[in-house]
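Participant: Attaching a predicted model along with its sequence, questions to come.
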Amino acid sequence: MSKRMVNILVPLISILLGLIIGAIVMAISGFNPIDGYMALWNGIFMDTYTMGETVRQITPYIFSGLAVAFAFRTGLFNIGVEGQLIMGWLAAAWVGQAFELPAVVHVPLALIAAASAGALWAFIPGLLKAKLQVHEVIVTIMMNYTALHVANALIGVISGGEERTEKIHESASLRSDLLESMTDYSRLHWGFIVALLAVIVMWFILQRTTLGYELKAVGFNKNASEYAGMNVNKNIILAMVISGSFAGLGGAMEALGTFENMSKLHAATGIGFDGIAVALLGANQPFGVLLGAILFGALKNGGLNMPSEAGVPTEIVSIVIALIIFFVASGYIIRVALERFGKKRKEEK
Amino acid sequence: MEYVIEMLGIRKQFGDFVANDNITLQLKKGEIHALLGENGAGKSTLMNVLFGLYQPEAGKIRVRGKDVKITDPNVANKLGIGMVHQHFMLVENFTVTENIILGNEPTKMGTINIKDASKKVQALSEQYGLNVDPYAKIEDISVGMQQRVEILKTLYRGADIIIFDEPTASLTPQEITELMQIMKRLIAEGKSIILITHKLNEIMEVSDQVTVIRKGKGIGTVTTAETNPTELAELMVGRQVVFKTEKIAANPKEVVLQIDSLTVADNRGIDKVKNLNLTVRAGEIVGIAGIDGNGQSELIEAITGLRKAKNGHIKLNGKEITGLKPRKITESGVGHIPQDRHKHGLVLDFPIGHNIALQTYYNKPISKNGVIDYKKVNEFARQIIEQYDVRSGEGEMSLARSLSGGNQQKAIIGREVERNPDLLIAALPTRGLDVGAIEFIHKRLIEQRDKGKAVLLISFELDEVMNVSDQIAVIYDGYIIDTVNPHETNEQELGLLMAGQSLQDNKKVGGTQ
């Protein structure tokens, strides 16, 4: 079997297997799998409205996936994307409501604020790792909690004791009449363009710049990088800061697009944590992350339709979606099976 | 004489590539049989066939006179064949006994019976004079000791045919001597040994028979007592090998590297280089001879900026470089072939082309305004690959990891030499390489010298130091105990100096020149 065939077959078979096992789960639980999957499909593609909502859902996943993947590529495990995203969300929401500026300035300013807030939240674990060899996993996990509660407290301060910040000014919003009219008044906003640009930016940094070369070298082999005159500590901090910026921008999508404000959060948004899975699905490659985010976001959004249309409870929906993702992630097993199969056929000939 | 193992006419093919072509190896009971060949000649493939990891396309294997089909390593184990791998397969934070019983744990009512196992390990250790503590943790014992644990592992499983795969690659000279004694002891106790190596002196010292393979073909088997290193090298490489590299007399000029009363501490804060003085001139090779651990590593790290000096001065072309950042030092004209090419020399997961750019990636014309032109990177890499005869599967796109040690080293040397540094530091440049590659590297070092560059060679191999250097500075306990002319000295004298013996004999301490 040619390599190309394997590369195309693996994801297809993975998704198919996930769907089959998901169907079995639904059947055992007493729900009709065909109805369930019809509802899932409709929840993703039914009309322009659902498609708009699907793309909207995909957008923040692209950013959280990029954030995790970028750190991964440089040998760092950024579990703190969740917290960085929350801080980015808050920063964008605040800039959006506190200033009145022309849109050409306001939107970029809010985006920069979000990226900076995420970067700052990632800078601290980066600094601790570089200077004191504190493991970034511990620090980033803990800073997720700090982010959650700091953000909730600041929302109270900004809004004067309310549960949510004021709606952002129109000049900072990523929503547009054009997109709304095209998608039957979904919440689709221009953020997906920003996300696509971010994919290209990450690809460019890693594949084309001296910075990317250094970051990858440090990620693979610190000793050789140091020997080659690279500043290892600087690179660790930079990697975290760039990763955090992507995460912060993911938060901006919620602040400037989906919600146009920020409410106090009872728990983590989950977007940051799902970013780990998105990054791994995409093999930490920028364009792979894009595909991973599309799968993740589409299933998430489509799943919302399953309880109402097919009566499948949300718990079962979560299991089915998790199964599909699980099988895609374990594509390795299928790859090995395919290769064995191909070999056997060859030997029989 | 009875054969315990006969591999007759073995052929193994991977796609179109013939790794083993009609190779015959016959091991007699109670002998040490060396398997000699260059890196990539097919030694490992042959042993993997014997161990059941590969199935041969042709030929047969007999163990103790009986035809056998070894389908997997378990079959090999049952037949009493054990292997001591080059890269040890040990769990670092387990004890010796835990490692030995791993995968074959003796149990008593569902719990591991570690006591009995330890006793058995202890008994085996004593029987073969291995001197291993069954309760020691792997991470706490030396590399030589770890290797003995691997030997014990095979003995514990009842092996009486033991394959040693390049066993001396990571050992110190003392450990090598001890290993040779252990091997002789094993033979005396009735075991048979296959020794895979490309080191001729080891073969001469310890083996009874030598089977040579070259580029996958069996060249033949000779009796060690009836051959000599020159003949073996010729059989292995397929042409005459010059052990003593030809060179014209040195023509030393101005001082390039000047080290004055340098003191450097190691990570624990203990002084490893003490008040050391050293001078290297343009157009000469200064060899630093010494036993491992006498401050060589710290000295190089201080010169290249990887380690801070506590005291003293390092000058390059008269300019102070002490305490500068590694990149500044590199840029001021120092090339460095590091002693551990995997740890410091290469990013193993980068393609070899990227690795060749490791010191120049940020400079014009390879990069401009922070953007790398990978076309130029690859172009430059191809030049080096051709010029330095770096062989790899996919040229500059091959992962550095996939290259053989010799080819990795050639790539590093190409990278460093092409930057045209005034001072080239070569630390153990030929460690683990076969004679062909060693010859190539020595020639390159001498070529640099003849171009009027200063070369500082650090080596644990006396042959190498005596062969290549124009001056030999002997390092002992962190300082240069004496500097001698290679033509006016011999191995005995150097050996004494390296052991710190000249203190009484001559009063020259610390100074060179």
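Facilitator: It's in.

Participant: make it CA atoms for all contacts and neighbour counts henceforth
Facilitator: Fine.

Participant: give me the element the closest residue to chain A within the stretch 401-513 of chain B is part of.
Facilitator: Nearest residue of the stretch 401-513 of chain B to chain A (CA to the nearest CA) works out as B:Glu416 at 10.8 Å. Using DSSP states H and E, B:Glu416 falls within helix B:405-418.

Participant: In terms of secondary structure, what does that helix contact?
Facilitator: The contact analysis (3 or more CA pairs under 8 Å, 6 or more residues apart in numbering or on different chains; DSSP states H and E) places helix B:405-418 against strand B:334-337, helix B:352-356, helix B:374-387, helix B:435-450.

Participant: and the residue most central in space within chain A, what element?
Facilitator: Centroid-nearest residue in chain A: A:Tyr61, 2.5 Å away (criterion: CA atoms, centre = their mean). Using DSSP H and E, A:Tyr61 sits in helix A:48-73.

Participant: after that helix, next one along is what?
Facilitator: helix A:81-98.

Participant: Tell me how far the next helix or strand after that following helix lies from the chain's centre.
Facilitator: For helix A:81-98, the following helix or strand on the C-terminal side (DSSP H and E) is helix A:103-132. In terms of CA atoms, centre = their mean, to the nearest Å, the centre of helix A:103-132 is set 17 Å apart from its chain centre.

Participant: Give me the buried positions along the helix holding B:Glu416.
Facilitator: B:405-417 (16 or more other CA atoms under 10 Å in any protein chain shown).

Participant: so does the helix or strand encompassing A:Val241 get close to chain B?
Facilitator: Taking DSSP H and E as the definition, one finds A:Val241 inside helix A:232-253. No - if you take CA under 8 Å from any CA of the partner chain as the test, helix A:232-253 misses chain B, and the best it gets is 11.8 Å.

Participant: excluding its backbone neighbours, what's nearest the residue nearest to the centre of chain A?
Facilitator: A:Ala293 (5.2 Å; CA to CA, 6 or more residues apart in numbering or on different chains).

Participant: who does the helix or strand where the one you found lies touch, helix- and strand-wise?
Facilitator: Following DSSP H and E, one finds A:Ala293 within helix A:286-303. Other helices and strands packing on helix A:286-303, by 3+ CA pairs under 8 Å, 6+ apart, are helix A:33-45, helix A:48-73, helix A:191-208, helix A:271-281, helix A:314-329.

Participant: And the closest residue to chain A within the stretch 151-300 of chain B, which helix or strand is it part of?
Facilitator: Of all residues in the stretch 151-300 of chain B, B:Ile300 sits closest to chain A, at 11.5 Å by CA to the nearest CA. Here B:Ile300 sits within helix B:296-304, counting by DSSP H and E.

Participant: Would you mind checking the average pLDDT for that helix?
Facilitator: For helix B:296-304, mean pLDDT is 93.

Participant: ok, for B:Pro486, nearest residue in space, not its chain neighbours?
Facilitator: B:Met466 (5.5 Å).

Participant: residues contacting the one you found?
Facilitator: B:Gly287, B:Ile472, B:Pro486 (CA atoms under 8 Å, 6 or more residues apart in numbering or on different chains).

Participant: B:Asn467: neighbour count?
Facilitator: 17 (other CA atoms under 10 Å in any protein chain shown).
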